[in-house]
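Undergrad: Provided below for reference: sequence and predicted model.
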Amino acid sequence: MPKADSPANRGPATTAKHTAADLPMACAANKEPRTIAFAVNNSRETAAAFTWATANLIRPTDSILLVHVSDKLARDSAKDSGQKVLQIFADKCARRKLTSSSVKVHNTMTAHAIADVCRSNPVDLCVMGSRGFGPIRRALLGSVSSATAQISDCPVMMIKRPKDSAGAFLTVLPRRVFLHADSAGHSKAALRWAETYLLQTELDEIVLVTVGRAPTGKFSQEDEWERVQSELVVSEYKDSLNKKGFKRVSKISTCGPPAEALLRVALQNSCDVFVVGLAPGRPIFGESLAMHIAHNAPFPVLVVGTDRRCRSPRGGRTPSAAASVAAAAAEAALAAPPMSMRRVSSVDPTEIRHIHQRASEVNMLGEDPP
């Protein structure tokens with residue numbers, strides 16, 4: 001495992017910073033403009049998330065959709081306050097020369113209202129501030145960002161306000177982006193989405209994290225098979241990234257419970273953004289891997305689900321990257337031989353025919369197989 005470091009002691013190649021004036025040049029290679037929905041209110045968490053996003057996420061070509069949800073039963077003074085909040089963030093966008101528009105919704109269910117706005121507009125990403133509640137407070141008070149991440153049609157980035165305000169929102173470009181590399185469809189969907197809408201070839205360092213079982217200390221066929229499978233997955237991810245022009249790709253392998261292991265590695269290696277796929281459905285007990293990381297990580301976490309839809313370059317809606325991944329996986333599964341045949345592929349074909357012939361004879365005579 002690489003030695004843990006911090007943003008303060010990274011090498012010169014990693015600590016290069018970009019000012020606001022440099023961002024248009026740094027983002028010149030990313031021709032695809034994005035529409036980013038930003039859920040705003042008058043909390044400090046939202047202000048902190050907006051500061052981080054404008055410094056490290058939003059590009060000059062992006063369009064910002066400011067979304068504010070107020071209780072439809074609220075008084076007129078509260079509704080006026082919501083309009084003032086939208087105006088404050090619209091002014092911030094204007095000062096940064098960003099294109100912005102505003103949507104004000106009156107609804108008692110904030111998460112569903114935000115998800116509906118993202119669903120009815122060509123939104124590529126939703127950004128929200130997070131209060132970082134623990135499990136007890138989250139169960140009692142609820143979490144809008146967590147609920148939105150699980151029901152939204154577009155990926156959701158959750159940004160927490162740091163506990164220490166000194167230097168917390170300096171530009172972290174180039175970003176160190178962590179990806180959970182495994183063979184699951186939702187993880188591959190997260191990779192495809194990040195390649196298209198998040199990662200930048202000149203600015204980002206990509207770290208692929210694999211999680212395996214704790215080694216037993218003895219050679220076993222299962223451990224070797226798992227190692228080979230992990231290498232194949234990492235090779236697939238690297239090939240996909242290299243085809244898109246990403247050269248700064250590294251790998252970290254760890255072991256243990258997946259959610260805790262991923263979070264531990266990210267904390268030890270100065271993660272700036274963690275991209276994780278959200279598995280379909282909800283676990284009966286506990287929380288999913290993606291939501292565990294989003295709830296406990298101090299850094300921004302981008303949650304991408306398998307049913308998320310991505311906007312096509314022409315502005316229409318197309319099925320998510322997960323759909324193409326699932327289709328490709330289905331074709332590969334049909335084309336590949338069964339697992340039982342792959343395991344005996346090294347056996348002489350004559351012996352395999354003899355086995356099938358003997359099995360047919362046993363079935364015809366009603367004998368017990370040897």
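TA: Done, it's in. For clarity, every value in this text was computed on a predicted model and none was experimentally measured. Residues are numbered from 1 along each chain as shown.
Undergrad: Could I get the full set of strands for the stretch 51-200 of the chain?
TA: Under the criterion DSSP state E, counting those that start in this stretch, the stretch 51-200 of the chain contains strands at 63-70, 99-106, 125-130, 156-160, 176-180.
Undergrad: closest to residue 269 out of these?
TA: Closest of the strands of the stretch 51-200 of the chain to residue 269 is strand 176-180, at 7.5 Å (criterion: C-beta to C-beta). In this view, the C-beta of every residue, glycine as well, is placed from N, C-alpha and C.
Undergrad: now the helices: where do they sit in the stretch 201-350 of the chain?
TA: Applying DSSP state H, counting those that start in this stretch to the stretch 201-350 of the chain gives helices spanning 221-243, 258-268, 289-296, 321-335, 339-343, 349-365.
Undergrad: What are the phi and psi values at the closest residue to residue 85 other than its chain neighbours?
TA: Nearest residue to residue 85, sequence neighbours excluded (C-beta to C-beta, 6 or more residues apart in numbering): residue 42, at 5.2 Å. With angles defined as degrees, to the nearest 10, residue 42 sits at phi -100, psi 20.
Undergrad: What separation do you get for residue 42 and residue 299?
TA: As judged by C-beta to C-beta, to the nearest Å, residue 42 and residue 299 stand 24 Å apart.
Undergrad: swap in residue 278?
TA: Residue 278 is 17 Å from residue 299, by C-beta to C-beta.
Undergrad: so what's the nearest residue to residue 90 once chain neighbours are set aside up against?
TA: Among residues not flanking residue 90 along the chain, residue 100 sits closest, at 5.5 Å (C-beta to C-beta, 6+ apart). Contacts for residue 100 (C-beta atoms under 8 Å, 6 or more residues apart in numbering) come out as 63, 64, 65, 66, 89, 90, 93, 94.
Undergrad: Quick check: chain neighbours aside, which residue is closest to the last one?
TA: In space, and not counting its chain neighbours, residue 94 is closest to residue 100: 7.4 Å by C-beta to C-beta, 6+ apart.
Undergrad: So what sits opposite that neighbour in the bridge?
TA: residue 64 (DSSP bridges).
Undergrad: so where's the stretch 201-350 of the chain uncertain?
TA: Low-confidence segments of the stretch 201-350 of the chain (pLDDT under 70): 284, 306-350.
Undergrad: no wait, the stretch 1-150 of the chain
TA: Scanning the stretch 1-150 of the chain for pLDDT under 70 picks out the ranges 1-31, 72-80, 134-142.
Undergrad: and if we set it to 80?
TA: By pLDDT under 80, the weakly predicted segments of the stretch 1-150 of the chain are 1-32, 71-80, 108, 132-142.
Undergrad: how close does residue 237 get to residue 246?
TA: From residue 237 to residue 246 the distance is 10 Å (C-beta to C-beta).
Undergrad: what's the answer for residue 301, then?
TA: Counting by C-beta to C-beta, the gap from residue 301 to residue 246 is 20 Å.
Undergrad: Who has more neighbours out of the two?
TA: residue 301 (28 against 20; other C-beta atoms under 10 Å).
Undergrad: Tell me who's in contact with the more buried one.
TA: So residue 301 contacts 157, 158, 273, 274, 275, 276, 290, 293, 294 (C-beta under 8 Å, 6+ apart).
Undergrad: count of neighbours near residue 265?
TA: With other C-beta under 10 Å as criterion, residue 265 counts 23.
Undergrad: Quick check: nearest residue in space to it, chain neighbours excluded?
TA: In space, residue 265 is closest to residue 254, 5.1 Å off (C-beta to C-beta, 6+ apart).
Undergrad: the helices in the stretch 1-150 of the chain, which residues?
TA: Under the criterion DSSP H, counting those that start in this stretch, the stretch 1-150 of the chain contains helices at 23-26, 44-56, 76-95, 110-120, 135-141, 144-151.
Undergrad: Which one of those lies nearest to residue 223?
TA: Going by C-beta to C-beta, the one of these nearest residue 223 is helix 135-141, 33.6 Å.
Undergrad: quick one: residue 244 from residue 200, how far?
TA: 11 Å.
Undergrad: Which one's more surrounded, the two?
TA: residue 200 (18 against 12).
Undergrad: tally of neighbours for residue 261?
TA: Residue 261 has 19 nearby residues by other C-beta under 10 Å.
Undergrad: let me redo that: residue 212
TA: 17.
Undergrad: so it sits right up against residue 224, yeah?
TA: No - assessed by C-beta atoms under 8 Å, residue 212 is found out of contact with residue 224, at 11.4 Å.
Undergrad: State the pLDDT value of residue 191.
TA: As predicted, residue 191 sits at a pLDDT of 95.
Undergrad: now the residue nearest to residue 237 when sequence neighbours are not counted: how far from residue 271?
TA: Excluding the flanking residues, the one nearest residue 237 by C-beta to C-beta, 6+ apart is residue 181, at 4.9 Å. In this view, residue 181 and residue 271 are 14 Å apart by C-beta to C-beta.
Undergrad: Residue 211 too?
TA: For residue 211, the distance to residue 271 - C-beta to C-beta - is 15 Å.
Undergrad: Repeat that for residue 206.
TA: From residue 206 to residue 271 the distance is 11 Å (C-beta to C-beta).
Undergrad: can you check residue 39 too?
TA: Remark: distance between residue 39 and residue 271 (C-beta to C-beta) = 23 Å.
Undergrad: repeat for residue 122
TA: With C-beta to C-beta as the criterion, residue 122 and residue 271 are 30 Å apart.
Undergrad: Neighbour count: these two, which is higher?
TA: residue 271 (22 against 16).
Undergrad: The residue nearest to the more buried one when sequence neighbours are not counted - how many residues pack around it?
TA: Here the nearest residue to residue 271 in space, its sequence neighbours aside, is residue 178; by C-beta to C-beta, 6+ apart that works out to 4.7 Å. For residue 178, the count of nearby residues is 27 (other C-beta under 10 Å).
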